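S.K.: Structure here, sequence nowhere to be found:
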């Protein structure tokens, strides 16, 4: 286990390094002058040149990248003309627009994204796995057909449609829920959940459809295995067979996939965040792209990459815990 | 011969028999209509009696066994007729009653013990669960019962081992655990579906002995389903031979094996490989006729009846060896998990001879075979072939030799590409070699198909259209295609029925005689190896423990391991079988008394 974690950490490091290099190449070396962007439209040529030197953009490319990496490991101190701004250890740079540290922007936006992702995952697992189990166990019935229709609609509908429909129905027509506005968990847990309910639902409905299909096919596959036949041949009831012998095997791929999806949601929930006005990483990313605020973009994408990598490792660990025959290497 | 079954153990012939099957018919719906697996079967089994259901694959023996517990229920299969087990009308019983019957009155032991147990749970827990389905018992009491039955079936240190999961058990131990599960609720009938087919001979003998003891001890009835007449000989009172879902012959085991009345039974018996008497090819050809289905096996192109089996041992040390392996080693894994599969094996293969390699599973015979044709790289050692050491040759230098060293694999299903016609599969090595026109290749493939006893017009058919034996013929044709000098056959017949097995063995022998091939024949079945081989190497734990001419190794084995292997081979004579069982018991008793 320790060896596995160690190996995985080293792998993650390389993945992130490669990601950083690609991002750096795309954003910093592409056409467009970061110094001009950072300085603003009103700067004179001389001022831009001054900023360029300050930012180290006169250095060769590899030196700049090295500089960027060193900032992540050792921190950095920026001179702001009037004084110095210290950026501590995982330093991802400074926003061109506001001069804020990227790490503090990420730290500020992360809780909202995490709330959205984790809550939605709980919901989609409940809805998806539940639907999948029911449709596998009531095969051929009207319930199964309805559920199949539901999952098909779910898979086929993009999140912004589902989201708008939800807003329309629950906020505009029925007026059961307020138009969502994000309240941090630490401020008021009840309001936090109440306001996040619709975003969770919008995200969960889309994902749940996928999980329902996976759970259904996985359970049916497990139920056709030889060891299930053994317990049937020994008079064990069908309910006990599913609960004690089929579920564990059937849910192993579900667990693995949900960990992966969690990682993706961290970076991929832009639409949901924008739609419901949740001040998360996705929304910030969209804003930063519009403002060409390169350091923030790079920072956020790196954090998302980290989430995916961590979720991958987590998926492997969970899979191995579910199926003890799997040996982690 | 189809007399009513009155086993010696049943004192009152008027009493309700343990099992009464009448007019049983099992049909499976398929894309091509209903397939009738069992077609009007009648038989009875008296309380405490033992009946063997024998037949080739597709004869309906498993479908019959399943019907005793109505395991077909809910699968879409259509079961008609009447099945009564211990007074219960199984086919008509409501679900709840059927659940009480299953495990409580009649328990089933399945063929593949690994897949038949829940991989995620401790074996003791699984047995305890079954016990609690049928008895009101606390968890602790059920667990204690599980340990007790595990101990009874000979799992050492049962209390501790009951906490292991199935993958931590060996094949034999898993089968013991399944039998323990069956025993847990003291059923009156044990249905065993090919319980030893997946096991080595020595383990098979142990499991059969165990079943025999348990029957004597508990007085339960036994229905033993098997394709192997040798397994039946020492384990049952009566035998029912099935063919195509119908009963062919039914009678006491000694009578049926010593004087079979029906030609089908005689053919089946004749095809069983024996250690002593080799199978005459004429008998083999006789059973090729009734093969069912749209495609039938053609008689091997040039099969001759004068093959006197046990091949001459006169193949002395004359002549240069074709291949000489010296001190071959192969390790898998590294560090603490390292495992030496082959541990210093030296052997020679001469042109035109067959070297048999026997051993139990895990003895390293497959690894050895793969190294000989360089499908696996040896960790150490040399392989002399064609005047040089090919053990370290790179892939490029090896390429011209690949043609000369071919391999036939155990599983003809998975070693053929299901999406390519068999003709294309056979043509592959020819195309890879290059230098032949397409027309030439097709002509050659048709010739090869004919050579292995298949219709050349089947070129465009796909593997799923063929039976197991036919697929193995395709595998052989593919190996023959590039005109090799040596073919390594890795368990080429172990997935086949006895009659098909005998045909394939005869084909190999004939090809070798006609083409002067050298064969390395790897198998766990000692009788088959005896039939085909000139010399035999016995492997155990990665080493060759004994090697020599066939007659010497089989008739005068020197190594105790070889002796043990030979003693475990099932014999067809029930009397001899009982004698051997007593001898094995005596040996075990001795071993128990003297733990050194």
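M.R.: Yes, it's here. Quantities reported herein were computed from a predicted structural model and do not represent experimental measurements.

S.K.: Return the residues in contact with residue 242.
M.R.: You didn't say which chain, so I picked chain A. Residues in contact with residue A:242 (Cβ atoms under 8 Å, 6 or more residues apart in numbering or on different chains) are A:133, A:137, A:219, A:223. Heads up, the C-betas are built off the backbone N, CA and C, glycines and all.

S.K.: wait, chain B
M.R.: So residue B:242 contacts B:41, B:53-55, B:59-61, B:64, B:248 (Cβ under 8 Å, 6+ apart).

S.K.: Tell me, how many residues neighbour the residue of the stretch 201-350 of chain B found nearest chain A?
M.R.: In the stretch 201-350 of chain B, no residue comes nearer to chain A than residue B:337, which is 9.2 Å away by Cβ to the nearest Cβ. For residue B:337, the count of nearby residues is 9 (other Cβ atoms under 10 Å in any protein chain shown).

S.K.: and if you look at residue A:22?
M.R.: Neighbours of residue A:22 using other Cβ under 10 Å come to 12.

S.K.: Ramachandran angles for it?
M.R.: With angles defined as degrees, to the nearest 10, residue A:22 sits at phi -60, psi -50.

S.K.: Could you pull up the contacting residues of residue B:110?
M.R.: Residue B:110 touches A:226, A:229-230, A:233, B:116, B:178, B:193, B:195, counting by Cβ under 8 Å, 6+ apart.

S.K.: Of the residues you listed, just the buried ones, ChimeraX syntax please.
M.R.: Selection of buried members from these for ChimeraX, criterion 16 or more other Cβ atoms under 10 Å in any protein chain shown:
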select /A:229,230,233 /B:116,178,193,195
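
S.K.: Which ones among the contacts of residue B:110 map onto helices?
M.R.: Among the contacts of residue B:110, the members falling in helices (DSSP state H) are A:226, A:229-230, A:233, B:178.

S.K.: Check those and tell me the two furthest apart.
M.R.: The span of these, defined through Cβ to Cβ, is set by A:229 and B:178 at 12.1 Å.

S.K.: Average pLDDT for the helix or strand hosting residue B:554, rounded please.
M.R.: Using DSSP states H and E, residue B:554 sits within helix B:550-555. Taken as a whole, helix B:550-555 carries a mean pLDDT of 90.

S.K.: ok, now stretch B:410-429?
M.R.: Across stretch B:410-429, the per-residue pLDDT values average to 84.

S.K.: buried sites along it?
M.R.: Applying 16+ other Cβ under 10 Å to stretch B:410-429 flags B:410-413, B:415-416, B:421-429 as buried.

S.K.: and chain A, which of those contact it?
M.R.: The subset of these within reach of chain A, by Cβ under 8 Å from any Cβ of the partner chain, is empty.

S.K.: Which of these fall within helices?
M.R.: Short answer: the buried residues of stretch B:410-429 in helices (DSSP H) are B:422-429.

S.K.: Distance to residue A:50 for those - can I get that in JSON lines?
M.R.: Listed next are those as JSON lines, based on distance: Cβ to Cβ, whole Å:
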{"residue": "B:422", "distance to residue A:50": "78"}
{"residue": "B:423", "distance to residue A:50": "78"}
{"residue": "B:424", "distance to residue A:50": "72"}
{"residue": "B:425", "distance to residue A:50": "73"}
{"residue": "B:426", "distance to residue A:50": "77"}
{"residue": "B:427", "distance to residue A:50": "74"}
{"residue": "B:428", "distance to residue A:50": "70"}
{"residue": "B:429", "distance to residue A:50": "73"}
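
S.K.: returning to what we had before: identify the farthest-apart pair in the contacts of residue A:242.
M.R.: Checking the contacts of residue A:242 with Cβ to Cβ, the most distant pair is A:133 and A:223, at 11.1 Å.

S.K.: Skipping adjacent residues, who's closest to the spatially most central residue of chain A in space?
M.R.: For chain A, the residue nearest the mean C-alpha position is residue A:266 (1.4 Å; Cα atoms, centre = their mean). The shortest distance from residue A:266 to any non-neighbouring residue, by Cβ to Cβ, 6 or more residues apart in numbering or on different chains, is to residue A:307 (3.9 Å).
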